[in-house]
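1. I need the structure of the sequence given here:
(one chain, ligands or ions: 1)
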Amino acid sequence: MPEKDPTDPGEFSSHQCPVCGAKSLQLMEAERDIPYFGKVFLFSMTCSSCKYHKSDVECDSKKDPSRYTLEIGSEADLKVRVVKSAEATVKIPYITTITPGPASQGYVTNVEGILQRVKNEIEAVRDTTDDDGERQEAKNLIKKLINIMWGKQKQKVIIEDPSGNSAIISDRAIVEKMKASK
Ligand SMILES: [Zn+2]
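-> Residues are numbered from 1 along each chain as shown. Reported below is the predicted structural model:
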């Protein structure tokens with residue numbers, strides 16, 4: 001049996017997984033400076049046994065609960081930086097809403113990354129549903145998303161976050177204050 005590499009981080013940073021109980025949970029923490037927003041901390045945990053994954057993002061400074069609205073109308077808008085915490089609700093009107101909750105992830109991405117995630121989810125519905133109507137609806141939404149990602153169709157993206165840890169970082173984004181979460 002080959003000797004284990006002592007630099008393998010799995011050797012000393014494995015924790016117990018809250019889902020399957022195996023001692024195979026890897027924790028990751030990183031910080032990142034986001035221009036025009038500030039410093040954010042990224043956290044994630046991934047279990048190599050059951051594939052449980054949770055990630056989140058938190059701002060260094062306390063920010064107000066906010067609603068960001070961006071109208072995507074060009075390819076350049078797709079590159080706009082997005083910080084989305086696990087407590088954010090992402091509304092893509094007439095397409096989908098990403099809701100917060102225990103299964104919700106937090107991450108730093110761009111508008112295209114958000115649309116890509118939505119597209120992947122709708123593709124999974126298209127490929128697994130037994131309902132013809134649902135499959136057709138999924139196909140229509142995928143077509144719409146592709147047009148938006150090619151900058152051919154306008155689309156609003158709204159991110160609401162009562163924790164204040166989310167943002168759409170563009171001077172074209174409309175920012176409104178929201179009520180704080182309890
Ligand atoms: Zn696990």
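2. Tell me where the chain has helices.
-> With DSSP state H as the criterion, the chain has helices at 111-128, 132-149.
3. how much does the last one deviate in direction from helix 111-128?
-> Using axes from the mean of the first three to the mean of the last three Cα atoms, to 10 degrees, one finds that helix 132-149 and helix 111-128 are set 160 degrees apart in direction.
4. Other residues contacting the least confident helix or strand in the chain by mean pLDDT?
-> One helix or strand of the chain scores below all others by mean pLDDT, DSSP states H and E: strand 14-15, with a mean of 90. Contacts with strand 14-15, where a contact means Cβ atoms under 8 Å, 6 or more residues apart in numbering, come from Lys23, Ser24, Leu25, Gln26, Leu27, Met45. Any C-beta I mention is one placed from the backbone N, CA and C, and that applies to glycine too.
5. Hmm, the fifth one is touching Met45, no?
-> Yes: with the criterion set as Cβ atoms under 8 Å, Leu27 and Met45 qualify as a contacting pair; they are 5.2 Å apart.
6. Looking at those two, which has the bigger crowd around it?
-> Legend: neighbour count by other Cβ atoms under 10 Å for Leu27 and Met45, higher for Met45 (17 against 12).
7. still on that earlier bit, who wins for proximity to the ion among the helices of the chain?
-> Evaluated with Cβ to the ion, the helices of the chain place helix 111-128 nearest to the ion, the distance being 21.7 Å.
8. Check which helices and strands the closest one is in contact with.
-> Applying 3 or more Cβ pairs under 8 Å, 6 or more residues apart in numbering; DSSP states H and E, one finds that helix 111-128 contacts strand 81-84, strand 89-92, strand 96-98, helix 132-149.
9. sorry, back to before: dump the contacts of strand 14-15 to JSON lines, plus distance to the ion and pLDDT.
-> Output for the contacts of strand 14-15, formatted as JSON lines (distance: Cβ to the ion, whole Å; pLDDT from 0 to 100):
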{"residue": "Lys23", "distance to the ion": "9", "pLDDT": "94"}
{"residue": "Ser24", "distance to the ion": "6", "pLDDT": "94"}
{"residue": "Leu25", "distance to the ion": "6", "pLDDT": "95"}
{"residue": "Gln26", "distance to the ion": "11", "pLDDT": "94"}
{"residue": "Leu27", "distance to the ion": "13", "pLDDT": "93"}
{"residue": "Met45", "distance to the ion": "10", "pLDDT": "94"}
